[in-house]
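In: below is the sequence, then the predicted model.
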Amino acid sequence: MYKLDQPPLLFESSRLGRSTAILPDSDVPDRPLDAILPGAHLASQAPTLPELAELDVVRHYTNLSTLNMAIDANFYPLGSCTMKYNPKRNERLAGLPGFASQHPYQDESTLQGLLQLLFELQEMLAEIAGLDAVSLQPAAGAQGELTALLVAAAYFKDRGDRRTQILIPDSAHGTNPASAHLAGFEAVTIKSDARGLVDLADFRSKLSDETAVFMMTNPNTVGLFDPQIGTIAQLLHERGGLLYLDGANMNAILGIVRPGDMGVDLMHYNPHKTFSGPHGGGGPGAGPIAVRDFLGPYLPAPIVARSDDGTYRLDADWPKSIGRVRSFFGNTGVLFRAYCYIRSQGPDGLKSVAEHAVLNANYLMQLVKDLYPVHYPGRCMHEFVASARSIAREKGIRAMDIAKALIDRNFHAPTVYFPLIVPEAIMIEPTETENRETLEQFARVLREIVDENPATLHDAPHTTPISRPDEVKATKTPVLKWQPGA
Amino acid sequence: MDPKSLRFTPTHEWVSLQDDVATIGISKFAVEQLSDLTMIELPAIGAKLTAGKAFGEVESVKSVSDIYAPLAGEVVEVNNDLRDNVQLLSDDPYGKGWLIRLRVQNPGAVASMMDHDAYEKMVAEDAH
């Protein structure tokens, strides 16, 4: 196997005086620096920046970019992340100067196109959710969760109803209890039953007048649709609680079922998963939320509104609003891509996205499940969670070893060790954009890996510049800054 | 400590009671499931714990997990060695890896907790 090299850092390649640009003599008379800036604000010495020729810098970044494992180069079955291919069309449209060059301080009359588009996106997201009102402000899915819970808190407070708890299944994304905690609630865990669904008895026993919200992911993180959602909504509503849907897995149900019809009162979307927003990279992101009409007054203001004369405006007249959660109108670049994706797919296209996402996951599951038992068997939705426990027991090959070995075989690793309720979990989400040959090739490689020498796999990946970092050391004594000679 | 002399919770904590002071730790099985440990958060001396509520967190390279109070009471001693060296917990979960000592309100509650055999049985059943 060919091992890629780690290129040296720019600091390591730096040579004194090897600058990239040679500037002509300045025709502006020199003035001493402390005559321009107060001495107290001047550094005692110049920053030590690397000095390199332009070509060296270009090669450095080009070579680094080839080390990336990316959806544009590799199959990326990272469960729970919906790493589908984003059509390049949306990127091109989002870069159009008419949208990309707008400034939020422009007068509304010069922003009509952008505002119309955001207004229509609000309407489309409400329609897909089967809910009534939408805020586009939150800058990420997790912020959407927090915003929605703050909306719920404001609703209860307005009613003089002091509720302290949020119920969350043990299979939930870690952001759920984090959001509950940040919003000032106590997070109470609900067990999963033997089928991987909400343990209804445990739910009933923990449901009380203290319950503000039940946060459900449906389909859940083990890739199963929980058909109890109607019963859960009914029990919850009878006690005055609200049903929240973590929209992370909307890719499985787009256009098939509307969350509002299942009794959901509020939810967030992850446009980077479902609607071709940029995946990862640390943002910017978006996490729009949709709510039922009675929660609408508490949404973050402003909301994009249409006036009677057909023009669009930012409506900040929401006296019960929880206030802003993001400057200006949210990350409009990401929202724009979501708009383009939804419009170009259309209602039938979105439905077909969900159908093919589910079909691909089930096909791949059938190809490997004899070797990688699926913890909760049955038909899956858009992803499935296999367990490497028997492989680990019999051969000493753990989920982590399989994930790392896949990297050597040009596949991005699936999610491992999540959800926590499945031992040696390998969570695979192929998405709708992969063809049958890719799925079959991936299945073949997954089957071949278990016949490898376990000792070789324990040191995988062998082809990458860094093989197995010491994760404990990295967590406890992280080296965050390059030091000369270190 | 001999694990056979301990009592266990379904959430994998162990208890050893002497008079009204309970030493509390987490089971070997739980420690193995967590894999490589990185950090632990424990309450301060004097903290009042409620039975069944989280009183601390243990972080591994895989996850952060709550540790639940098996009994109600007041924290009288904390194993500070663990803060510097959480590895003690992996090496010796029933000895040097103890977490806290608790002056308990109702020592009698220990009698209704699982003994070692019952705990082992529960773990084996969960492992299906």
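Out: Structure received.
In: for the rest of this, base every contact and every neighbour count on C-alpha atoms.
Out: Will do.
In: so A:N90 touches A:R343, yeah?
Out: No - because the distance of 10.6 Å does not satisfy Cα atoms under 8 Å, A:N90 is recorded as not touching A:R343.
In: going by neighbour count, list what's buried in the helix or strand hosting A:A474.
Out: For A:A474, the enclosing helix or strand under DSSP states H and E is helix A:471-476. Along helix A:471-476, the positions that meet the burial threshold by neighbour count (16 or more other Cα atoms under 10 Å in any protein chain shown) are A:E471.
In: show me what it is packed against.
Out: Using 3 or more Cα pairs under 8 Å, 6 or more residues apart in numbering or on different chains; DSSP states H and E as the contact test, the elements touching helix A:471-476 are strand B:37-41.
In: what about A:T456, which SS state?
Out: Of the three states, A:T456 takes helix according to DSSP: H, G, I helix; E, B strand; the rest coil.
In: return the residues in contact with the residue in chain B that chain A sits nearest to.
Out: With Cα to the nearest Cα as the measure, B:T38 is the residue of chain B nearest to chain A, at 5.8 Å. B:T38 makes contacts with A:V472, A:T475, A:K476, B:V58, B:E59, B:S60, B:V61, B:V86, as judged by Cα atoms under 8 Å, 6 or more residues apart in numbering or on different chains.
In: identify the residues contacting the fourth one.
Out: The one in question is B:V58. B:L37, B:T38, B:M39, B:I40, B:E41, B:V64, B:S65, B:D66, B:I67.
In: so how many other residues sit close to A:W482?
Out: Other residues lying near A:W482 total 10 when counted by other Cα atoms under 10 Å in any protein chain shown.
In: hmm, A:P461 is touching A:A413, no?
Out: No - using Cα under 8 Å as the test, A:P461 is too far from A:A413 to be in contact (10.7 Å).
In: find residues that contact each of the two.
Out: Overlap between the contact sets of A:P461 and A:A413, as judged by Cα under 8 Å, 6+ apart, is given by A:K404, A:L406, A:I407.
In: can you name the residues bridging to the residue nearest the centre of chain B?
Out: Nearest to the centroid of the C-alpha atoms of chain B, with distances taken as Cα atoms, centre = their mean, sits B:G25, at 2.5 Å. For B:G25, the residues forming beta bridges with it (DSSP bridges) are B:W14.
In: from B:R7, how far off is it?
Out: Computed as Cα to Cα, to the nearest Å, the B:G25 to B:R7 distance reads 10 Å.
In: overlap in contacts of the two?
Out: B:W14, B:V15.
In: which regions of chain B sit below the pLDDT cut-off?
Out: B:127-128 (pLDDT under 70).
In: go with 80
Out: In the predicted model, chain B carries pLDDT under 80 at residues B:35, B:62, B:125-128.
In: can you pull the residues of it lying near chain A?
Out: Proximity of chain B to chain A is assessed by Cα under 8 Å from any Cα of the partner chain, with B:D36, B:L37, B:T38, B:M39, B:S60, B:V61, B:K62 identified as the residues in range.
In: which element is the last one on?
Out: Element membership of B:K62 [criterion: DSSP H and E] is none; it lies in no helix or strand.
In: OK, contacts around it?
Out: Neighbouring residues of B:K62 by Cα under 8 Å, 6+ apart: A:Y417, B:L34, B:S35, B:D36.
In: how close does the residue lying closest to the first one once chain neighbours are set aside get to A:L335?
Out: Among residues not flanking A:Y417 along the chain, A:A425 sits closest, at 4.7 Å (Cα to Cα, 6 or more residues apart in numbering or on different chains). Taking Cα to Cα as the criterion, A:A425 is separated from A:L335 by 33 Å.
In: the nearest residue to B:Y68 once chain neighbours are set aside: neighbour count?
Out: With Cα to Cα, 6+ apart as the criterion, B:Y68 has its nearest non-adjacent residue at 4.1 Å, and that residue is B:A54. For B:A54, the count of nearby residues is 14 (other Cα under 10 Å).
In: from memory B:A54 sits against B:L71, does it?
Out: No - contact criterion Cα under 8 Å: B:A54 and B:L71 do not qualify, at 11.0 Å.
In: residues contacting whichever residue of the stretch 301-450 of chain A sits closest to chain B?
Out: Taking Cα to the nearest Cα as the measure, the point where the stretch 301-450 of chain A comes nearest chain B is A:Y417, at 6.9 Å. For A:Y417, the contacting residues are A:A399, A:P423, A:E424, A:A425, A:I426, B:K62, taking Cα under 8 Å, 6+ apart as the criterion.
In: may I ask which two of those residues are separated the most?
Out: Taking Cα to Cα, the two most distant members of the contacts of A:Y417 are A:I426 and B:K62; they sit 13.2 Å apart.
In: for the residue nearest to A:Y417, give me its contacts.
Out: Remark: with contacts taken as Cα under 8 Å, 6+ apart, A:A425 is in contact with A:V385, A:A386, A:S387, A:A388, A:A399, A:T415, A:V416, A:Y417, A:F418, A:P419.
In: hey, which helix or strand in chain A has the poorest pLDDT?
Out: Of the helices and strands making up chain A, the lowest-confidence element is helix A:471-476, at a mean of 84, by mean pLDDT, DSSP states H and E.
In: run through who's touching that one.
Out: B:D36, B:L37, B:T38, B:M39, B:S60, B:V61.
In: and it, how far out from the chain's middle?
Out: When distances are taken as Cα atoms, centre = their mean, to the nearest Å, helix A:471-476 is centred 24 Å away from the chain's centroid.
In: what of stretch B:61-77?
Out: The offset between the C-alpha centroid of stretch B:61-77 and the centroid of the whole chain comes to 6 Å, using Cα atoms, centre = their mean.
In: again with stretch A:343-353
Out: Chain-centre distance of stretch A:343-353: 21 Å, with Cα atoms, centre = their mean.
In: chain B: strands as residue ranges?
Out: B:7-8, B:13-18, B:21-26, B:37-41, B:48-49, B:54-60, B:64-68, B:73-78, B:100-104, B:114-115 (DSSP state E).
In: okay, those, which one's buried deepest?
Out: Here the criterion is mean neighbour count by mean count of other Cα atoms under 10 Å in any protein chain shown, and of the strands of chain B the winner is strand B:7-8, at a mean of 25.
In: partner strands of that one, parallel or antiparallel?
Out: Paired strands of strand B:7-8, defined by DSSP bridges, are strand B:13-18 (antiparallel), strand B:114-115 (antiparallel).
In: who's in contact with it?
Out: B:W14, B:V15, B:S16, B:V110, B:M113, B:M114, B:D115, B:H116, B:Y119.
In: same deal with stretch A:151-160?
Out: Stretch A:151-160 has contacts (Cα under 8 Å, 6+ apart) with A:R162, A:R163, A:A183, A:A212, A:V213, A:L242, A:L295, A:Y298, A:L299, A:I322.
In: coming back round to it: restricted to helices, list the shared contacts of A:P461 and A:A413.
Out: The subset of the shared contacts of A:P461 and A:A413 located in helices under the criterion DSSP state H comprises A:K404, A:L406, A:I407.
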